[in-house]
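1. got a structure for you, letters missing:
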């Protein structure tokens, strides 16, 4: 069975505009684009490529009936001449000036598993430049987008921070072209492709249909494909390839050169000049009408007798939404990006700030009735930053203030809320408090877990909630403050076979999800870290390992909500940061792995140890997770484009600027099968010879009472008659006298015999 192939490319964007200069291999292309831009802006310039040329030739007048050149016609000319100039570059130069995989694909998953640049093969297209083929040989067992290919892509109209516009002036849309076809077929973007534009989430549902046609005398299909074989001998014949080959033959005849958009023969050369461009554009105007005899035979292209069609049902939605902070790539990819930025933006900050380098410092404190709290802050000489925190014993109220450059005294009385906001050019340390007391929070330790290896992917059961596709629960694998260990050494028996924990919880009472019901008096404790995550769903799929945080005082492990009438839900139990106690708590980890942890092991170090153990386990399951030397190279971890909308990412100034950039440049594409069966349409003869004979026999029996035996007897009788008439001997019949004479002689003979008999007696 042939496998399905996916290719994609940027629309009419063969080269990066910023790569052009006045010298080097791209100088001629740069000259073309500068002239095109000046002509479009109605500024004086030379026209070395015929972009604005008007001719009196009859074939050219067919294109320009009013002796003027429209913008659309100029754009068409510029694109064709650009294609001719690109064909003169070497493959190395075209790859060098094209976009890299990570500049187009920010994040990729197939059936919930991460796919990387190693799963794609780049190739050069004469119109679109550097394109990519997804060559992951995967088997799909289910329908739906969960089992399909999902890509977060960027078209790079401009760059973050600098805002440099990087599209060529001939590019009129910010889109990505895609084409799906059978292996062995030609990837025809224009005839069989689809486009996905920026700020959209496109769902491409596929179904496969097989068509079979009849040859002569019933139809006009062809099997040999000889009309296109000289140009496309390595591909399966289609009527489109036949038409392309016909155009190339016509171009060679009329223009003396051929179009780089299609293959050429050894004795042909590609067109290079502006005059060649005008000839190619007006090529079809110099031919006979399709309704004429010559027009019909000029390109005698027939449909193939057997071919496959991928039917596409495409739906679109807006992406990203107005306030969605785009999360790009896996934790491992984020680690590559932050490492490339020398650790990223320093300090602790909120992803919701609109100016990460000059963040607002906001503190809000609510006082209960009849309670007075006085908070005094002092300046720390070494840092120039004022911090202070005081809690009134017995009141359950804590306050915290951070101010740059001065000392502050604040008094709170009943029902008052004091909010202080300041701008600081550097990041200040922050003191954070909760209803359980005052806690000083340093920058959370963020770490990533790159596992399990590809050989351990089967440890995860097939469920959307177990993958990064899910917009809520998929954050377990992308949030920098969470470590999610899927498969060994986690021994979870829940649906996703995954254990997760906070690398360093934002506060000591952080809980990952929200319970459906919770006592009203302590509802403030029911604020889940993952926005929208419900405990009855999350904890039924995953095992949460509380490390250094607090948990409710009831059985929460399966996500069941507490009884509304009890007060136990308002009580929180602290958990230890000593990882050696996980074994006593019967955490769902392999005991051999837990033995490798000690009291000084941090959550991030635990993630690294888990990765090593998983790598060794899936390389050799009998090793029990003990590390052994590998021969295979480590998995590829790509740069996640410009990264997520987060404080640590230096590529973006703030949240709103990041979201706006993804709206101008980002798009999400889901490609999947909506049904696995292949529909088959087979053409049959409407009235074959057997049907004709059957109808004759049926009507003869109905109207003449004849059967097959009767027909045979009638044929035999006719044959005998003809045989007697034309092949038998002629017999002379006697007259009456002769007959009478013969009768008398017979009578006399009979009498004589009677007399002789009587005499003897």
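-> Looks like it came in fine. None of these values were measured; they are calculated from a predicted model.

2. So, low pLDDT: which residues of the stretch 151-300 of the chain?
-> 163, 286-298 (pLDDT under 70).

3. mind listing the helices for it?
-> 189-192, 226-232, 239-254, 274-281, 293-298 (DSSP state H, counting those that start in this stretch).

4. and those as TSV, adding mean neighbour count and distance to residue 530?
-> The C-beta positions use only the backbone N, C-alpha and C, and glycine is treated the same way. Converted to TSV, the helices of the stretch 151-300 of the chain look like this (neighbours: other CB atoms under 10 Å; distance: least, CB to CB, whole Å):
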stretch	mean neighbour count	distance to residue 530
helix 189-192	15	40
helix 226-232	18	53
helix 239-254	19	49
helix 274-281	21	57
helix 293-298	11	65
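
5. quick one, which of those is nearest to residue 134?
-> Distance to residue 134, taken as CB to CB, is lowest for helix 189-192 among the helices of the stretch 151-300 of the chain, at 14.8 Å.

6. returning to that earlier point: dump the helices of the stretch 151-300 of the chain to JSON lines, plus distance to residue 133.
-> JSON lines is the format used below for these (distance: least, CB to CB, whole Å):
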{"stretch": "helix 189-192", "distance to residue 133": "12"}
{"stretch": "helix 226-232", "distance to residue 133": "18"}
{"stretch": "helix 239-254", "distance to residue 133": "19"}
{"stretch": "helix 274-281", "distance to residue 133": "28"}
{"stretch": "helix 293-298", "distance to residue 133": "34"}
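
7. Between those helices, which one is closest to residue 571.
-> Using CB to CB, the nearest of the helices of the stretch 151-300 of the chain to residue 571 is helix 189-192, at 62.9 Å.

8. Show the secondary-structure elements that the closest one is packed against.
-> strand 175-182 (3 or more CB pairs under 8 Å, 6 or more residues apart in numbering; DSSP states H and E).

9. these two touch, right, residue 447 and residue 606?
-> No. Here residue 447 lies out of contact with residue 606, judged by CB atoms under 8 Å, at a distance of 9.1 Å.

10. Mind listing the shared neighbours of these two?
-> In terms of CB atoms under 8 Å, 6 or more residues apart in numbering, residue 447 and residue 606 are both contacted by the residues residue 483.

11. what about the two, which has more around it?
-> residue 606 (26 against 20; other CB atoms under 10 Å).

12. which residues does that one contact?
-> Taking CB under 8 Å, 6+ apart as the test, what residue 606 contacts is 483, 579, 597.

13. Out of the helices of the stretch 151-300 of the chain, which gets nearest to residue 343?
-> Once the helices of the stretch 151-300 of the chain are compared by CB to CB, helix 189-192 is nearest, at 41.6 Å.

14. Centre of the chain to that closest one, how far?
-> 17 Å (CA atoms, centre = their mean, to the nearest Å).

15. One more: stretch 483-492?
-> So, by CA atoms, centre = their mean, the centroid of stretch 483-492 is 28 Å from its chain's centroid.

16. ends of it, how far apart?
-> 15 Å (CA to CA, to the nearest Å).

17. Buried by neighbour count: which residues of that stretch qualify?
-> Buried residues in stretch 483-492, counted by 16 or more other CB atoms under 10 Å: 483-490, 492.

18. And these, which is closest to residue 500?
-> residue 484 (4.1 Å).

19. Angles on the backbone of residue 169, please.
-> In terms of degrees, to the nearest 10, the main-chain angles of residue 169 are phi -70, psi -20.

20. How about it, nearest residue that isn't a chain neighbour?
-> Computed as CB to CB, 6 or more residues apart in numbering, the closest residue to residue 169 that is not its neighbour in sequence is residue 37, at 4.8 Å.

21. Next, give phi and psi for the nearest residue in space to residue 199 that is not next to it in sequence.
-> Distances taken as CB to CB, 6+ apart place residue 663 nearest to residue 199, at 4.9 Å, with adjacent residues excluded. Main-chain torsions, residue 663, degrees, to the nearest 10: phi -70, psi -30.

22. Tell me both backbone torsions, phi and psi, for residue 309.
-> phi -120, psi 130.

23. Quick check: it touching residue 207?
-> No. The pair residue 309 / residue 207 is not scored as a contact, 9.1 Å apart, by CB under 8 Å.

24. The stretch 451-600 of the chain: helices as residue ranges?
-> 535-541, 591-594.

25. What is the three-state secondary structure of residue 124?
-> In three-state terms, and counting by DSSP: H, G, I helix; E, B strand; the rest coil, residue 124 is strand.

26. Correct me if wrong: it contacts residue 132.
-> No. Counting by CB under 8 Å, residue 132 is not a contact partner of residue 124; they are 10.9 Å apart.

27. Who has more neighbours out of these two?
-> residue 132 (20 against 15).

28. quick check, the more buried one in a strand?
-> Yes. Under three-state DSSP, residue 132 sits within a strand.

29. hey, what's the closest residue to it other than its chain neighbours bridged with?
-> Nearest residue to residue 132, sequence neighbours excluded (CB to CB, 6+ apart): residue 120, at 4.5 Å. Note on residue 120: beta-bridge partners by DSSP bridges are residue 134.

30. Which residues are in contact with residue 120?
-> 101, 105, 132-135.

31. burial measure for the nearest residue to residue 114 once chain neighbours are set aside, as a count.
-> Spatial nearest neighbour of residue 114, excluding adjacent residues (CB to CB, 6+ apart): residue 330 at 5.7 Å. Residues lying near residue 330 (other CB under 10 Å) number 23.

32. Would you check that residue 330 makes contact with residue 480?
-> No. Contact criterion CB under 8 Å: residue 330 and residue 480 do not qualify, at 10.9 Å.

33. Quick check: longest helix in this structure by residues?
-> helix 736-760 (DSSP state H).

34. which other helices and strands contact it?
-> So helix 736-760, by 3+ CB pairs under 8 Å, 6+ apart, packs with no helix or strand.

35. so for that helix, what's the average pLDDT?
-> In this model, helix 736-760 carries a mean pLDDT of 82.

36. Number the chain from 4, please
-> That works, and once the first residue is 4, the last one we named lands at helix 739-763.

37. Give me the contacts around the helix or strand where residue 75 lies.
-> Here residue 75 sits within helix 74-89, counting by DSSP states H and E. Outside helix 74-89, the residues within contact range by CB under 8 Å, 6+ apart are 15, 17-18, 31-32, 35-36, 39, 42-43, 52-55, 66-67, 97, 129-130, 132, 171-173, 175, 262-264, 273-277, 279-281, 283-284.

38. Then stretch 309-326?
-> Under CB under 8 Å, 6+ apart, the answer for stretch 309-326 is 5, 7, 183-185, 188, 195, 197, 199, 202-216, 226, 239, 241, 329, 662, 665-666, 669-671, 677.

39. quick one: buried residues of it?
-> 310-311, 313, 315, 322-323.

40. repeat for stretch 35-48
-> 35-36, 38-39, 42-43.

41. Show me the residues you listed that map onto helices.
-> Those of the buried residues of stretch 35-48 lying in helices (DSSP H): 35-36, 38-39, 42-43.

42. Let's have those in a markdown table, adding distance to residue 525.
-> Converted to a markdown table, those look like this (distance: CB to CB, whole Å):
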| residue | distance to residue 525 |
| --- | --- |
| 35 | 70 |
| 36 | 65 |
| 38 | 72 |
| 39 | 68 |
| 42 | 71 |
| 43 | 66 |
